[in-house]
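In: kindly return the folded structure for what I paste below:
(one chain, ligands or ions: 1)
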Amino acid sequence: MKELTRRQFGQTAGALTAAGYSRVLGANDRVGVGYIGLGNRGDQVHDAFLEWGDQQTAAVCDLRDDYMDLAVKKSRSNPARYKEYKKLLEDKNVDAVVISTPDHWHALMFVDACNAGKDVYVEKPLSLTVYEGRKMVEVAERTKRVVQVGTNRRSWKSYAEAAGFIRSGGIGKVSIAKCYHVRNEWPLGLGPAPDGPPPSEWEWDQWLGPAPKVPYNANRTYYNFRWFYNYSGGQLSNFGVHFVDVIRWFLNLETPKAVTAMGGRLGGIQDNREIPDTLEVVWEFPETLVVFSQMNANAAPGNAKNSEIEFRGTKGTMYVRNSSWEVVPETISDFPGGFAGGKGYGNPVDRSGTRRGNRKALIEAVVNKGTAAYDTNSHARNFLDCMKTRAKCNADVLTGHISTSSTLIGNIAHKTRSLLEWDGRAERFTNNSKANEFLHYKYRAPYKLG
Ligand SMILES: NC(=O)c1ccc[n+]([C@@H]2O[C@H](COP(=O)([O-])OP(=O)(O)OC[C@H]3O[C@@H](n4cnc5c(N)ncnc54)[C@H](O)[C@@H]3O)[C@@H](O)[C@H]2O)c1
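Out: Take a look at the predicted model:
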């Protein structure tokens, strides 16, 4: 589909044919979008939507006035302002909402938005718990809402090409895919932050929402919440969900069969974080292992190409970094490695036929530079298009749920120090009833899902 920027939209909308959009877009076809959460990510997603002339910022909602001020200034419109998201959901000018609040708020806001008849772009990870994610899938299906989950790599052209390459056997049989979140946060990490009185009791209470009431601590709130389990699945569900989602997509994987994890605060970082600075998670999918490595107390590259994701196939390795990817061919020996041929490492009389000889590459090296940009515009575009056609988005709610829950069960394996067998259909562990208790948590009163 031809992509239009905001500027181009005004010039060319009248000339579009049915082959472009499902119908010609006029002024009346503008989508009224309400933004809930306008912090770090909400601001970026707002920018991405503003690139498209058929969106109008109809309303903004945040606990912070300064964040709303900025959004209104950028909006090129006169959006309504709300501090309570339920009021925004009552606004008739809002056709769709973008939810960019911390993870522990996603499910409640999402379910209320669907029930209010709004389509939803919800940031990743879809949910804080597996149970929430399933409820979100159910409500979206029941209310027939168009949903885009913020795993924006799903809308990258270079990634679609990479998926096609792997799926057509380009690197042979992939036995393992690994992904990395590498960063050295030693020594200060988040910095010191003592518990103390919140700047505003109301704001702290609203920020906590369904999460347990705990003393205010600045490190728990804006942006830094991803280092605390009451509000986030940590870097495993923050970065990991992007990577696991891409791996599931490229390899056409559904749910994992088993998961295990080890890690901890091993780097001596001096802050009050709860999540590990060092973590390894291993999932067993049918025929493929997937590994997530979080190394936050040392920044040496995770692999030879310092890539975020690597796919190891029998014929080559694909390294994926931002929107670019490259394939490095394997060199294959036509001589068996074992002793059966009579020549090899194990035969001291004649070592001539080792795997080192007769090696050749069966595939060509490939480099796909991608777009260099960390793009959200195309994901926003896909959502706006799907709102009009009612088609499934690139990152529909079920896709987002399976990718998110894959990461969340990694956290449960870590918490329970176990190897957990996962029934992806029932969404239950089959070998550890204690682990099933972590599939959800008790919301603080009066919060209820649904
Ligand atoms: N797709 C991506 O690449 C990407 C990148 C960064 C963050 N994210 C996701 O975006 C979400 C937000 O992360 P962030 O970094 O922007 O955090 P942030 O703390 O900077 O922003 C969250 C905003 O939500 C607001 N908020 C909190 N509770 C609210 C409530 N009850 N009502 C209205 N507003 C409320 C806060 O005031 C804050 O402005 C997270 O789920 C995160 O995982 C996605």
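
In: isn't residue 329 up against residue 360?
Out: No. Taking contacts as C-beta atoms under 8 Å, residue 329 lies outside contact range of residue 360: 9.2 Å. (Glycine included, C-beta is placed from N, CA and C.)

In: neighbour count: those two, which is higher?
Out: A count of neighbours by other C-beta atoms under 10 Å puts residue 329 above the other of residue 329 and residue 360, at 18 against 10.

In: can you check the pLDDT for the more buried one?
Out: pLDDT for residue 329: 97.

In: how much space separates it from residue 364?
Out: 7 Å (C-beta to C-beta, to the nearest Å).

In: again with residue 30
Out: 47 Å.

In: please save the CA atoms from the longest helix seen in the chain in PDB.
Out: Counting by DSSP state H, the longest helix found in the chain is helix 397-416. As requested, C-alpha coordinates have been extracted for helix 397-416 and formatted as PDB (Å, rounded to 0.1, in the frame of the first residue of the first chain):
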ATOM      1  CA  VAL A 397      -4.100  -8.700  20.000                       C
ATOM      2  CA  LEU A 398      -3.600 -12.500  19.900                       C
ATOM      3  CA  THR A 399      -0.200 -12.200  18.400                       C
ATOM      4  CA  GLY A 400       0.700  -9.700  21.100                       C
ATOM      5  CA  HIS A 401      -0.700 -11.900  23.800                       C
ATOM      6  CA  ILE A 402       1.300 -15.000  22.800                       C
ATOM      7  CA  SER A 403       4.500 -13.000  22.500                       C
ATOM      8  CA  THR A 404       3.900 -11.200  25.800                       C
ATOM      9  CA  SER A 405       2.900 -14.300  27.700                       C
ATOM     10  CA  SER A 406       6.000 -16.100  26.400                       C
ATOM     11  CA  THR A 407       8.100 -13.500  28.200                       C
ATOM     12  CA  LEU A 408       6.000 -13.500  31.300                       C
ATOM     13  CA  ILE A 409       6.300 -17.200  31.800                       C
ATOM     14  CA  GLY A 410      10.100 -16.700  31.700                       C
ATOM     15  CA  ASN A 411       9.800 -14.500  34.700                       C
ATOM     16  CA  ILE A 412       7.700 -17.100  36.500                       C
ATOM     17  CA  ALA A 413      10.400 -19.800  35.700                       C
ATOM     18  CA  HIS A 414      13.000 -17.400  37.200                       C
ATOM     19  CA  LYS A 415      10.800 -16.600  40.300                       C
ATOM     20  CA  THR A 416      10.100 -20.300  41.000                       C
END
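
In: do it and the ligand meet?
Out: No. Legend: contact between helix 397-416 and the ligand by C-beta under 6 Å from any ligand atom is lacking; minimum distance shown is 10.2 Å.

In: show me what that helix is packed up against.
Out: helix 130-142, strand 147-149, helix 234-238, helix 240-251, strand 258-264, strand 278-285, strand 419-423, helix 433-436 (3 or more C-beta pairs under 8 Å, 6 or more residues apart in numbering; DSSP states H and E).

In: just say which of these is most tucked in.
Out: strand 147-149 (a mean of 30; mean count of other C-beta atoms under 10 Å).

In: what's the next helix or strand after that strand packed up against?
Out: Next helix or strand after strand 147-149 toward the C-terminus (DSSP states H and E): helix 157-167. Judged by 3+ C-beta pairs under 8 Å, 6+ apart, the packing partners of helix 157-167 are helix 240-251, strand 316-321, strand 324-329, strand 366-368.

In: so what touches the first one?
Out: Contact with helix 240-251 is made by 124-125, 151, 153-154, 159, 162-163, 166-167, 174, 177, 179-181, 233, 253-254, 281, 283, 285, 288, 290, 292, 294, 308-309, 311, 320, 395, 399-400, 402-404, 406-407, 410, as judged by C-beta atoms under 8 Å, 6 or more residues apart in numbering.

In: report the buried members of the residues you listed.
Out: Those of these that meet the buried threshold are 124-125, 151, 153-154, 159, 162-163, 166, 174, 177, 179-181, 233, 253, 281, 283, 285, 288, 290, 292, 294, 308-309, 311, 320, 395, 399-400, 402-404, 406-407, 410, by 16 or more other C-beta atoms under 10 Å.

In: how about the residues of this protein near the ligand?
Out: Going by C-beta under 6 Å from any ligand atom, the residues of the chain near the ligand are 36-42, 61-64, 67, 85, 100-103, 105, 123-124, 150, 152, 206-207, 209, 222-223, 238.

In: tell me, how many residues neighbour whichever residue of the chain sits closest to the ligand?
Out: The nearest approach of the chain to the ligand comes at residue 39, 2.2 Å away (C-beta to the nearest ligand atom). Look at residue 39: counted by other C-beta under 10 Å, it has 18 neighbours.

In: wait, it touches residue 100, no?
Out: Yes. At 7.0 Å, residue 39 and residue 100 qualify as touching, with contact defined as C-beta under 8 Å.

In: what about residue 36, how many residues nearby?
Out: The number of residues packed near residue 36 is 27, by other C-beta under 10 Å.

In: which residues of the stretch 251-400 of the chain score low on pLDDT?
Out: Within the stretch 251-400 of the chain, the segments meeting pLDDT under 70 span 335-345, 352-358, 372.

In: and with 80 instead?
Out: For the stretch 251-400 of the chain, the stretches with pLDDT under 80 are 333-347, 350-359, 372-374.

In: which of the helices and strands packed on helix 397-416 sits closest to residue 445?
Out: helix 130-142 (17.2 Å; C-beta to C-beta).

In: which other helices and strands does that closest one contact?
Out: Contact analysis of helix 130-142 by 3+ C-beta pairs under 8 Å, 6+ apart lists helix 103-115, helix 397-416 as its packing neighbours.
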